[in-house]
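> give me coordinates for this.
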Amino acid sequence: MCPPRYARMTVNAVPATQALLTKSSIPLGLVLHPLAQPEHEGEHIPVVNFGSCGIVRCRRCRTYVNPFAPFIEGGKRWRCNICDLANEVPPEYYCQLDPATGLRTDVASRPELARGVVEFVAPSEYMVRPPQPAVYFFVIDVTYNAIATGMLSAAIEGIKQTLSKLPGGSRTQVGIITFDKTIHFYSLKSTQSRPQMLVVPDIENVFVPLPDDLLVNLRESRHLIDDLLEKIPNMFARTQQVESAFGPTLKAAFNVIRHIGGKMIIFQSAVPKAGVGAIVDRDDPKLLNTDKEAVLLNPSDPAGTYYKDFALDCSRQQISIDLFLFPSTSFMDVATLGTLPQITGGELFYYPNFNPKSQDNERFVRDLVHDLTRETGFEAVMRVRCGRGLKVLAHHGNFFIRSTDLLVLPNVDADKSFTIQLGLSESISGVRYTSIQSALLYTTSNGERRIRVFTSCLPVTSTLGDMFKHADCLAIASLTGKMAIDKGLSSKLSDAREAMVNKTVEILAVYRESFGSNSAGSQLVLPESLRLLPLYVLAMIKNVLFRSGTDTKPDERAFHMYRFKTLPVEECIAFVYPNLYALNNMPPNIGQRGEDGRIVFPPAISLSSEKLQRSGIFVLDTAFGIFVYIARDTAPNTIQQLFGVSAQELAGSTGPVAIFDGGDDEYARGAYALISGLQTDRWHKYLPVYAIIEGTPLDAVFFSYFVEDRSRNVYSYYEFLCQLQRSVSAKVK
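Okay, the predicted model is just below:
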């Protein structure tokens, strides 16, 4: 089997009939994380070069040879495990079979025949052009808002810190454009003594001056790039220009790199108001918590159509867009602008209330460095091939679909996952196993063309018991949430919440009806594999993704919806149900790496206020920060040693705080070790630390994550289970 780190099924057994799948109510799906980082240091995916033999593939369905494709006729042919066709084995690839096992005698030395995930070196026929170099084109807003929010200085500083770390070696190319109501190109030809600024004021008919000098080799023109980055903040320090020609600037940047492709990195603060792509303010608080709220979560027109069409043009030219938003107003229309990274395989970053003098700046710089230096594949495509009985129904993530099943990915990186909804194409009763193979064709940052192949072989079952036995609760919850986002955007958020609850009721009703005949009518019967599904569904209902009320801004919700659709399974769950740790009875090696290479943490406790004590420290690990809750009776020395200030001084803090090693206070040292371990475990993300003294205003922020407590008009976990029990009983009757 392919390790679940790379390919994870919602059910690790395929139902033999549509009737069985329908009866179980379990959503069938696959979560792919193609460039996931190895779990342990030293672990790697084997690379295979077929050389002159050529990559061995099925001549009908184009499946790659894999461990689940049997060799027949003494090894002269192999049978495709996807379409069942018998294929000739190339003479150069032939090997005798072991009479005892029926396997090739060289299987141990052939990773493609022994491993569920493998990478092939792609020969020239897998290229429509020579592999592109790593290209990074920076597009920077220099309006008054960019200066006032501190975005410009932060962006320039972040780029400076990143340049020396950019992958791609001697082939890496870089370019820079700035813009306000006009567009500013910069000639960075290495033979020049200084950068040359070229201003294009006509945003209706954008043209590219000196097209050969705007995208340059990083090493050859590094001195000019450094010089320009030093000058840009001063060049626009006194600007009063507030209008942003964002749409026309995108066209200009596109025209510079369209011949080669690459990554477009955009830093934007002002709402686009000038030229094509201008966004009309549609912020309407009266729509919040109504059936029409979804309007604010979908792209607006005509701007939405413009950005969608532009993103499609970028996708065709192998250009991805990473968009860093620093809103200077309460509404920036993230739903509309987010289509740019969504279609091009890029990423959306969002920094509301950005303060460059706080830890916001460190978080942004860390995000930028990680975004540009993580493992990234360029000009990629990915396809999922299903064996007998299976078919692809829908996809979730950042991509564009071409020819019904080919995912076009100008960029694919180590953090992105892709979720595939599956269905049955036919009855496969009598079949013991079926397979799924996914293949990612991409160019590494070093210019090598590779094919990463993931193959899983799944048992086929005719029993409902096996469906529940092999169900993956985390993967099911992740897929359910992503399907609910689509439901909320196409209809209304209340329908999305209702759909998740109904799906849970259907699954539990089927299980009780089939296996709970001996249970009391007042008892909620849960399969062991799905006992936490109600908790995760309740957590999603209370999450910023779906929660009701008027306190969630449309931009914030839209950002998290875009982001959630790209997250792998574990990060989806951590986002809706973060880990809470109590700092008592901690292991001695807390925050350090154990024998398995993983960071050691204490057991997580339930997100319920009943788990808190009157004294002690509790650490909440969320996706965007670490909250340290200090109970009222905590020793003053512990607070002083951990935070370097008294409890009274700490109580007035509302922003991120610094932490210290705990000094001579054992309890504080344990807290420091845990927090440091969390930050180490999430090395690529900056997790600011917020200190919350019991009884201070930040209490509300901390307890908003306690999904097992009652909140506003939403059930507590106990009440939710009672409601599910009543709904299940009514459905069974």
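> please make it C-alpha for all contacts and neighbour counts, starting now.
Fine.
> now find how far off-centre the longest helix along the chain is within its chain.
Within the chain, and with DSSP state H defining each element, the longest helix by residue count is helix 493-515. On the basis of C-alpha atoms, centre = their mean, to the nearest Å, helix 493-515 sits 26 Å off its chain's mean C-alpha point.
> now for whatever helix or strand comes next after it, which elements pack on it?
Counting by DSSP states H and E, the element after helix 493-515 in chain order, helix or strand, is helix 533-542. Helices and strands touching helix 533-542, as assessed by 3 or more C-alpha pairs under 8 Å, 6 or more residues apart in numbering; DSSP states H and E, comprise helix 473-490, helix 493-515, helix 569-576, helix 717-732.
> what comes into contact with the second one?
In this structure, residues lying in contact with helix 493-515 by C-alpha atoms under 8 Å, 6 or more residues apart in numbering are 23-26, 291, 293-294, 480-481, 484-485, 487-488, 525-527, 533-534, 537, 541, 546, 548, 724, 727-729, 731-732.
> just to revisit the earlier point, list the buried ones in the longest helix of the chain?
Using 16 or more other C-alpha atoms under 10 Å as the test for burial, helix 493-515 gives 493-497, 499-501, 503-512.
> export it as CSV, just CAs?
Coordinates of each C-alpha in helix 493-515 appear next as CSV, following Å, rounded to 0.1, in the frame of the first residue of the first chain:
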residue,chain,number,x,y,z
LEU,A,493,-24.2,28.2,5.2
SER,A,494,-27.1,26.9,7.2
ASP,A,495,-27.5,24.2,4.4
ALA,A,496,-23.8,23.3,4.9
ARG,A,497,-24.2,22.9,8.6
GLU,A,498,-27.4,20.9,8.1
ALA,A,499,-25.7,18.6,5.5
MET,A,500,-22.9,17.7,7.9
VAL,A,501,-25.3,16.8,10.7
ASN,A,502,-27.6,14.8,8.4
LYS,A,503,-24.6,12.9,7.0
THR,A,504,-23.6,12.0,10.6
VAL,A,505,-27.1,11.0,11.5
GLU,A,506,-27.3,8.8,8.4
ILE,A,507,-24.1,7.0,9.1
LEU,A,508,-25.0,6.4,12.8
ALA,A,509,-28.6,5.3,11.9
VAL,A,510,-27.3,2.7,9.5
TYR,A,511,-24.8,1.4,12.1
ARG,A,512,-27.4,1.2,14.9
GLU,A,513,-29.9,-0.5,12.6
SER,A,514,-27.4,-3.1,11.5
PHE,A,515,-25.3,-3.7,14.7
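> all helices in the stretch 351-500 of the chain, in order from the N-terminus.
With DSSP state H, counting those that start in this stretch applied, the stretch 351-500 of the chain shows helices at 359-373, 464-469, 473-490, 493-515, listed in chain order.
> please read the previous query as pertaining to the stretch 201-350 of the chain.
In the stretch 201-350 of the chain, the segments counted as helices under DSSP H, counting those that start in this stretch are 222-235, 246-257, 303-316, 334-337, 339-344.
> I'd like the distance between the nearest residue to Tyr442 once chain neighbours are set aside and Phe50.
Distance criterion C-alpha to C-alpha, 6 or more residues apart in numbering; nearest residue to Tyr442, sequence neighbours excluded, is Ala380 at 4.1 Å. Computed with C-alpha to C-alpha, to the nearest Å, the distance linking Ala380 and Phe50 is 21 Å.
> between those two, point out the one with more neighbours.
Comparing Ala380 with Phe50 by other C-alpha atoms under 10 Å, the one with more neighbours is Ala380, at 22 against 15.
> doesn't Thr443 make contact with that one?
Yes - contact criterion C-alpha atoms under 8 Å: Ala380 and Thr443 qualify, at 6.8 Å.
> from Arg497, how far off is the residue of the chain positioned farthest from its centre?
No residue in the chain sits farther from the centre than Pro99, which is 46.7 Å out by C-alpha atoms, centre = their mean. Taking C-alpha to C-alpha as the criterion, Pro99 is separated from Arg497 by 57 Å.
> and for Ile401?
As for Ile401, its distance to Arg497 is 28 Å (criterion: C-alpha to C-alpha).
> try Thr105
Here Thr105 is placed at a distance of 55 Å from Arg497 (C-alpha to C-alpha).
> Gly304 too?
On the measure of C-alpha to C-alpha, Gly304 and Arg497 end up 26 Å apart.
> same deal with Leu97?
Separation of Leu97 from Arg497 (C-alpha to C-alpha) stands at 55 Å.
> ok so Phe185 is a strand residue?
Yes - Phe185 forms part of a strand when assessed by DSSP: H, G, I helix; E, B strand; the rest coil.
> heads up, I number from 44, so please use that
Yes, from this point I'll number from 44; that puts the last item at Phe228.
> quick check: bridge partners of it?
Beta bridges link Phe228 to Ile220, Leu241 when assigned by DSSP bridges.
> tally of neighbours for it?
26.
> ok, it touching Leu241?
Yes - using C-alpha under 8 Å, Phe228 is in contact with Leu241, at 5.0 Å.
> now for those two: what residues contact both?
In terms of C-alpha under 8 Å, 6+ apart, Phe228 and Leu241 are both contacted by the residues Pro252.
> go through the chain and flag its longest strand.
For the chain, the strand that runs over the most residues, judged by DSSP state E, is strand 492-504.
> just the CA atoms of that one, as PDB, please.
As requested, the backbone C-alpha atoms of strand 492-504 are provided in PDB (Å, rounded to 0.1, in the frame of the first residue of the first chain):
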ATOM      1  CA  ARG A 492      11.600  16.300 -15.000                       C
ATOM      2  CA  ARG A 493      10.100  13.600 -12.600                       C
ATOM      3  CA  ILE A 494       7.000  11.400 -12.300                       C
ATOM      4  CA  ARG A 495       5.900  10.700  -8.700                       C
ATOM      5  CA  VAL A 496       3.600   7.600  -8.700                       C
ATOM      6  CA  PHE A 497       1.300   6.500  -5.800                       C
ATOM      7  CA  THR A 498      -0.400   3.100  -6.000                       C
ATOM      8  CA  SER A 499      -2.800   1.600  -3.500                       C
ATOM      9  CA  CYS A 500      -4.500  -1.800  -3.700                       C
ATOM     10  CA  LEU A 501      -7.700  -2.100  -1.700                       C
ATOM     11  CA  PRO A 502      -9.800  -5.100  -0.700                       C
ATOM     12  CA  VAL A 503     -13.400  -5.200  -2.100                       C
ATOM     13  CA  THR A 504     -16.000  -6.000   0.500                       C
END
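> tell me the strands beside that strand, with direction?
Strand 492-504 pairs in its sheet with strand 57-58 (parallel), strand 160-164 (antiparallel), strand 476-486 (antiparallel), by DSSP bridges.
> any idea how far Cys101 is from the closest residue to Ala129 other than its chain neighbours?
In space, not counting the residues next to it along the chain, Ala129 is nearest to Arg122; the distance is 4.3 Å by C-alpha to C-alpha, 6+ apart. The gap separating Arg122 from Cys101 is 8 Å, by C-alpha to C-alpha.
> list the contacts for Pro238?
Counted by C-alpha under 8 Å, 6+ apart, Pro238 has contacts Tyr229, Ser230, Leu231, Lys232, Leu267, Ile268, Asp270, Leu271.
> alright, calling it a day.
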